[in-house]
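Colleague: Provided below are the primary sequence and the corresponding predicted coordinates.
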Amino acid sequence: MNPEDGGLTNQDRQRQTAAEIARKKVLEAYKLKPENYATPEKKPEVKEEDWRKYHSAWQDYYQRYYGQYYGKAAHDYVEKAKLKYEREQAEKRRSLDDIIEQPKTTDSLNTERADAQNSIRAKIRDKAAKRASKFRRSRHFIPIIMGLAIILIGVLFQYNQVIVANAVAYITPGGGNVNEITAIDPNVSSNIGPESKLLIPKLNVDVPITFGSANDQKSMNQAMNNGVAQFAISGASAVPGEKGNFVISGHSAGNIYQNSNYKFIFSGLTRLGAGDLIYVNYKSTRYAYSVLGAKTVEPTDVQSVINIAKQYPDKPLITLITCTPLGTSRYRLLVYAEQISPSYDGAATAEPGDDSANTDLEMPANQPSPLEQFWLWLTGQS
């Protein structure tokens with residue numbers, strides 16, 4: 001490169017020289033064109049070969065000048081693209097070198113291990129803090145939930161008699177053995193054992209009867225823990241086979257913690273209707289009764305039991321007493337029936353008794369509810 005030539009290289013000067021020669025040839029050929037003459041008189045004869053020289057000169061000029069120009073431009077572009085590619089590859093290699101780990105020293109490994117442990121501890125602390133915050137936000141609901149749970153348990157405990165009794169009412173009652181008593185022939189009274197029993201085929205009831213118990217509440221409850229018991233009062237103290245009213249009492253419900261196999265024995269008593277059969281085994285004789293009707297009375301209305309006997313003065317009757325509605329002791333249900341077997345012609349009549357002797361007497365009740373038991377204990381009545 002020579003500074004006096006404007007900094008051109010030898011290759012550039014050669015291209016310029018070739019282009020100048022081509023340009024001169026074009027100019028020489030250009031002088032042969034007719035329109036380049038001043039007047040028509042001066043126009044010489046132009047031969048076909050002169051035109052060919054003219055076009056050939058132009059083609060040679062374009063080939064030498066423009067071909068070399070665009071060739072150089074393409075060459076420069078390729079060189080720039082190559083240089084850019086090499087730079088990018090060098091950057092990638094440097095990045096890869098940075099990524100590749102160098103052999104770690106013991107100190108670096110300990111540092112990384114400590115960082116990992118600190119990170120785990122931090123995560124545990126954050127999680128614990130979040131849970132503690134959530135618990136603090138919700139802990140004011142705990143007393144409410146605990147209170148509701150206590151109330152619910154108390155309600156279930158207090159009213160367990162109602163819940164269980166209604167479930168048992170339409171299932172085979174507990175206590176007593178389940179026998180094929182639906183096949184009992186009411187006219188058969190032979191081969192009957194000496195045990196006193198009450199049998200109700202429709203309810204699948206087969207339960208012992210206790211006789212001779214006092215008619216106060218405590219004595220009746222003790223007797224009914226072993227089955228059902230005779231509730232003998234003045235004017236209604238007959239036994240099976242006697243004309244008068246033979247009265248039996250049994251529980252329809254009891255507390256779940258009460259130790260008795262017969263606390264639900266009369267829970268299905270409301271299902272008995274007119275014509276249903278009741279059997280009593282007494283002194284090796286089976287007595288059959290057909291239901292006449294039922295009614296609900298106040299617990300203190302013992303006169304209703306006596307009135308049933310007065311309504312049917314010449315018949316042996318049986319009356320079953322239990323509490324109603326189920327699970328409560330609010331009222332008493334009386335189901336009464338007449339003896340249909342064996343024949344009671346010539347049967348003895350029970351003593352009529354004195355109605356005034358039943359003053360302040362109340363029919364037997366279910367076991368008190370937990371709250372009622374607590375009140376009785378608190379007031380010294382239990």
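Modeller: The structure has been received and is ready for your questions.

Colleague: hey, let's count contacts and neighbours off CA atoms from now on
Modeller: OK.

Colleague: after the longest strand belonging to the chain, next one along is what?
Modeller: Longest among the strand segments of the chain by residue count, using DSSP state E, is strand 285-297. Sequence order places helix 303-311 as the next helix or strand after strand 285-297, per DSSP states H and E.

Colleague: Can I get the following helix or strand past that following helix in PDB? Just the C-alpha atoms.
Modeller: Following helix 303-311 in sequence order, the next helix or strand is strand 316-324 (DSSP H and E). Coordinates of each C-alpha in strand 316-324 appear next as PDB, following Å, rounded to 0.1, in the frame of the first residue of the first chain:
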ATOM      1  CA  PRO A 316    -110.900 -61.300  83.500                       C
ATOM      2  CA  LEU A 317    -108.800 -58.400  82.100                       C
ATOM      3  CA  ILE A 318    -105.200 -57.600  81.600                       C
ATOM      4  CA  THR A 319    -103.800 -54.100  81.400                       C
ATOM      5  CA  LEU A 320    -100.200 -53.300  80.200                       C
ATOM      6  CA  ILE A 321     -98.700 -50.000  81.400                       C
ATOM      7  CA  THR A 322     -95.700 -48.200  80.000                       C
ATOM      8  CA  CYS A 323     -94.400 -44.600  79.600                       C
ATOM      9  CA  THR A 324     -95.100 -42.600  76.500                       C
END
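
Colleague: in terms of contact, does Val239 touch Phe246 like I think?
Modeller: Yes: using C-alpha atoms under 8 Å, Val239 is in contact with Phe246, at 5.3 Å.

Colleague: ok, these two, which is more surrounded?
Modeller: Per other C-alpha atoms under 10 Å, whichever of Val239 and Phe246 has more neighbours is Phe246, with 26 against 20.

Colleague: give me the beta-bridge partners of that one?
Modeller: Under DSSP bridges, the beta-bridge partners of Phe246 are Ile318.

Colleague: show me the contacts for it.
Modeller: Counting by C-alpha atoms under 8 Å, 6 or more residues apart in numbering, Phe246 touches Gln230, Ala232, Ala236, Ser237, Ala238, Val239, Pro240, Pro316, Leu317, Ile318, Thr319.

Colleague: Verify the stated contact: the second one with Gly244.
Modeller: Read that as Ala232. No: taking contacts as C-alpha under 8 Å, Ala232 lies outside contact range of Gly244: 11.4 Å.

Colleague: what sits in contact with each of the two?
Modeller: Common contacts of Ala232 and Gly244 (C-alpha under 8 Å, 6+ apart): Ala238.

Colleague: so is the spatially closest residue to Phe266 that is not a sequence neighbour in a helix, a strand, or just coil?
Modeller: Distances taken as C-alpha to C-alpha, 6 or more residues apart in numbering place Ser252 nearest to Phe266, at 4.5 Å, with adjacent residues excluded. Secondary structure, DSSP: H, G, I helix; E, B strand; the rest coil: Ser252 is coil.

Colleague: Run a quick neighbour tally on Ser252.
Modeller: Counted with other C-alpha under 10 Å, Ser252 comes out at 32.

Colleague: Mind checking which of Ala232 and Gly244 has more residues around it?
Modeller: Neighbour count, other C-alpha under 10 Å: between Ala232 and Gly244, Gly244 has more, with 29 against 20.

Colleague: for the more buried one, what are its contacts?
Modeller: Gly244 sits next to Ala236, Ser237, Ala238, Ala309, Tyr312, Pro313, Asp314, Lys315, Pro316, Leu317, Thr349, Ala350 when contact means C-alpha under 8 Å, 6+ apart.

Colleague: same deal with Asp345?
Modeller: Asp345 sits next to no residue when contact means C-alpha under 8 Å, 6+ apart.

Colleague: can you rerun that using 10 Å?
Modeller: Contact analysis of Asp345 by C-alpha atoms under 10 Å, 6 or more residues apart in numbering lists Gly241, Lys243, Asp314, Lys315.

Colleague: Going by the annotation, which residue ranges form each domain of this structure?
Modeller: 3-97, 112-137, 160-378 (automatic domain parsing).

Colleague: what about Glu86, which SS state?
Modeller: Under three-state DSSP, the three-state class of Glu86 is helix.

Colleague: contacting residues around it?
Modeller: Each residue near Glu86 by C-alpha under 10 Å, 6+ apart is listed here: Lys80, Lys92.

Colleague: counting contacts, what elements does the helix or strand where Ile124 lies pack onto?
Modeller: Element membership for Ile124, per DSSP H and E: helix 106-138. Contacts defined by 3 or more C-alpha pairs under 10 Å, 6 or more residues apart in numbering; DSSP states H and E place helix 106-138 against no helix or strand at all.
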